[in-house]
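> Predicted model and sequence below, questions to follow.
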Amino acid sequence: MVTREQVIEALKGVKDPELGRSLVDLGMIRDLFIDQGRVKVVVALTIAGCPLKSQIREDVRAAVASLEGVESVEVELTAMTPEEREKIFGRRSQEEEARGIKDVRHIIAVASGKGGVGKTTVAVNLAVALAQKGLKAGILDADIHGPDVHILMGLEGERPFTREGMLIPPERYGVKVVSMGLLAPEGQPIVWRGPLIMKALKEFAAHVEWGVLDFLLVDLPPGTGDAPLTVAQSFPLRGAIIVTTPQKVALSDVARCVGMFEDLKVPTIGLIENMSFLRLIRPDGSEEKVDIFGEGGGEKMAQQLRVPFLGKIPLEPQVREGGDRGKPAALDPTSNVGAIFAQIAEKVRARAVELERLKACSP
Ligand SMILES: Nc1ncnc2c1ncn2[C@@H]1O[C@H](COP(=O)(O)OP(=O)(O)OP(=O)(O)O)[C@@H](O)[C@H]1O
């Protein structure tokens, strides 16, 4: 009959594909049951949604099945507790974990229920609009699969430098910028797996010298995956801004996003509707507003979800061109769209201060 020791010995040969260490050494073998020739292995993944779970399951199954006397193998997957994860990734004191952000007043996540709604464009312009008001602003690109904040901010090719183990973010238009795109070798695709994303995001809180800031905007990846959870665990968020387009179909995505932040106990600062309308200039110079996706969708959504509505941003060539040229449209607060971003920035500031006051008053 196969013994427990034999099974463990076989499992020592199975490595976590990402961390390159044995599942046994990593403490990922949570339980082992042997009943005659039937073996059940319970594996604790570093995160629940580990994209490599099928491979891990198959490797474990194959290693145990190769043992003499084994008739069947069942592999059950579960997830590690935060404490178990800390044993692998190391534990830092709370102070150390947050040393880079200790002088940041408001940290705000910018999220969207789905991709392509212009979340990054809005986050970048908002950071610039805050800086235009004389506030100290920073932006962290937490969308580490497709980091492009540095491009929108005209920092392509720039390299940050380090001082005493801390990363010093480059500054453009009065905004400090950190993006994986500034750190990764140029032209190389960035393939991140769950545990490394978590590690990288935590590093951005601990090892970036943000200095004194009024606002740090964190541009999240679209959707409701692990990244918002890690960001909420790594940064003391004042609140979240949700960017959407006005279509009806977007409502369920936005509702899911609002629900996610509620679960994480992060207040919603408000909803921004992007690509709301098109401004057509007639030959006589007058303007016509064309609602491509239907009117007032975002505002209605905000009412239904009982969250503040922060404003509408038109679909303007100037916004896209500004992004492509690395000169955000909000740099000119006298332009149509620049003025809109300035108004939204003011609302964000007011709401952040209100939430700060409410937090200070809460027991
Ligand atoms: N208001 C706008 N007017 C014109 N173009 C816009 C506007 N907002 C965004 N865009 C353009 O839409 C495209 C997508 O924008 P962006 O990359 O910001 O979206 P995203 O939601 O962050 O996408 P992702 O799914 O990658 O996170 C870009 O080309 C951008 O320039």
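Arrived safely. Numbers count the residues shown, from 1 in each chain.
> State the number of residues packed around residue 170.
18 (other C-beta atoms under 10 Å). In this view, the C-beta of every residue, glycine as well, is placed from N, C-alpha and C.
> Residue 176 is in contact with that one, correct?
Yes - at 7.4 Å, residue 170 counts as touching residue 176 under the criterion of C-beta atoms under 8 Å.
> Pull up the overlap in contacts between the two.
Residues touching both residue 170 and residue 176 (C-beta atoms under 8 Å, 6 or more residues apart in numbering): there are none.
> Run through the residues of the stretch 1-150 of the chain sitting next to the ligand.
With C-beta under 6 Å from any ligand atom as the criterion, the stretch 1-150 of the chain comes near the ligand at residues 112, 115-121, 143, 146.
> Now do the longest helix anywhere in the chain: distance to the chain's middle.
As assigned by DSSP state H, the longest helix anywhere in the chain is helix 336-361. Distance of helix 336-361 from the chain centroid (C-alpha atoms, centre = their mean, to the nearest Å) equals 21 Å.
> Now do the buried residues in it.
Under the neighbour-count criterion of 16 or more other C-beta atoms under 10 Å, helix 336-361 has 337-338, 340-342, 344-345, 347-349, 351-352, 355 buried.
> Surely residue 315 is in contact with residue 275?
Yes - counting by C-beta under 8 Å, residue 315 does reach residue 275; the two are 4.4 Å apart.
> Which residues are in contact with each of the two?
Joint contacts of residue 315 and residue 275 (C-beta under 8 Å, 6+ apart) are residue 292.
> Neighbour count for these two, which is higher?
residue 275 (23 against 18).
> okay but that one is in contact with residue 316, surely?
No - counting by C-beta under 8 Å, residue 316 is not a contact partner of residue 275; they are 9.1 Å apart.
> Can you report how many residues neighbour residue 149?
By other C-beta under 10 Å, neighbour count at residue 149 equals 26.
> got the contact list for it?
Residue 149 touches 120, 123-124, 139, 141, 143, 177, 179, 181, 219, counting by C-beta under 8 Å, 6+ apart.
> Out of those residues, which is nearest to the ligand?
residue 120 (3.3 Å; C-beta to the nearest ligand atom).
> Check which helix or strand that closest one maps to.
helix 119-132 (DSSP states H and E).
> what's the next secondary structure element after that helix?
Using DSSP H and E, the helix or strand that directly follows helix 119-132 along the chain is strand 137-141.
> Adjacent strands (with direction) for that next one?
Using DSSP bridges, the strands paired with strand 137-141 are strand 175-179 (parallel), strand 213-219 (parallel).
> most tightly surrounded among those?
strand 175-179 (a mean of 27; mean count of other C-beta atoms under 10 Å).
> Now do the SS call for residue 106.
strand (DSSP: H, G, I helix; E, B strand; the rest coil).
> What's opposite it in the beta bridge?
Beta-bridge pairing of residue 106 under DSSP bridges involves residue 215.
> Please renumber the chain so that the first residue is 4 from this point on.
All set: I'll call the first residue 4, so the last point we hit is now residue 109.
> Correct me if wrong: it contacts residue 220.
No - the criterion here is C-beta under 8 Å, and residue 109 misses it with residue 220 at 9.2 Å.
> just for the stretch 54-203 of the chain, where's the confidence low?
Along the stretch 54-203 of the chain, the parts satisfying pLDDT under 70 run over 54, 85, 92-100, 187-201.
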